[in-house]
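>>> Quick one: sequence and predicted model below, then my questions.
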Amino acid sequence: GINAEYGEVAQAIKGMHLRKAQKYLKDVVGKKQIIPMRRFMGGVGRHAQTKAFNTSGSLGAWPKKSATIVLDLLKNAESNAEVKGLEVDSLVVEYIQVNRAPQMRRRTYRAHGRINPYKCSPSHIEQNHTETERVVAKEDDDAPKKKSKKKEARARARKGAE
């Protein structure tokens, strides 16, 4: 169902920077990039675009409805961050989770006077974003690198041979 697609979209953008996630989901809507289907993959087709991901069977899809709704949520998170005075470009999707919500009940009328339930399957989507510090280049330490015992023994053997 649609809940499964929301979950797959959420897992695909988890850990991404906000701007990168927005660009990725826009590409998914335009079928330029694909969402790899890792867990809910019954009846999902194989696509060449999925080779870019480490998934089994190269199964993937372009869930347009799910991607647009998650994209709207990311836009909302962006505006919330601006109001709070956070640096939007350094935001990362730290946590995103999709749960099933209670189903709404309607009825559909069938042949021979029967009535069947007509339910929708809504979702609750929650997300946390955190600001990350800029990546700083690592300082060069003067401490010597650790060598394995095997390499140290070889070095001693070479010195002894000289």
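Okay, I see it.
>>> in stretch 15-30, what's buried?
Within stretch 15-30, the residues scored as buried using 16 or more other CB atoms under 10 Å are 16-18, 21-22, 24-25, 28-29. In this view, the C-beta of every residue, glycine as well, is placed from N, C-alpha and C.
>>> now the strands for the protein?
35-36, 60-61, 91-100, 105-109, 115-119, 123-131 (DSSP state E).
>>> Could you tell me the angle between the longest one and strand 123-131?
Relative orientation of strand 91-100 and strand 123-131, computed by axes from the mean of the first three to the mean of the last three CA atoms, to 10 degrees: 160 degrees.
>>> Name the residues of strand 91-100 that are buried.
91-93, 96, 98.
>>> Out of these, which comes closest to Ser123?
Checking those against Ser123 with CB to CB, the nearest one is Val98 at 5.3 Å.
>>> Give the full set of residues in contact with the closest one.
Residues in contact with Val98 (CB atoms under 8 Å, 6 or more residues apart in numbering) are 3, 6-7, 10, 123-125.
>>> what's the closest of those residues to Glu162?
Ala10 (61.6 Å).
>>> quick one, what contacts that closest one?
Counting by CB under 8 Å, 6+ apart, Ala10 has contacts 70, 96-98, 125, 127.
>>> so how far is Lys75 from the closest residue to Tyr24 other than its chain neighbours?
Computed as CB to CB, 6 or more residues apart in numbering, the closest residue to Tyr24 that is not its neighbour in sequence is Gln33, at 5.9 Å. Distance check for Gln33 against Lys75: by CB to CB, to the nearest Å, it reads 18 Å.
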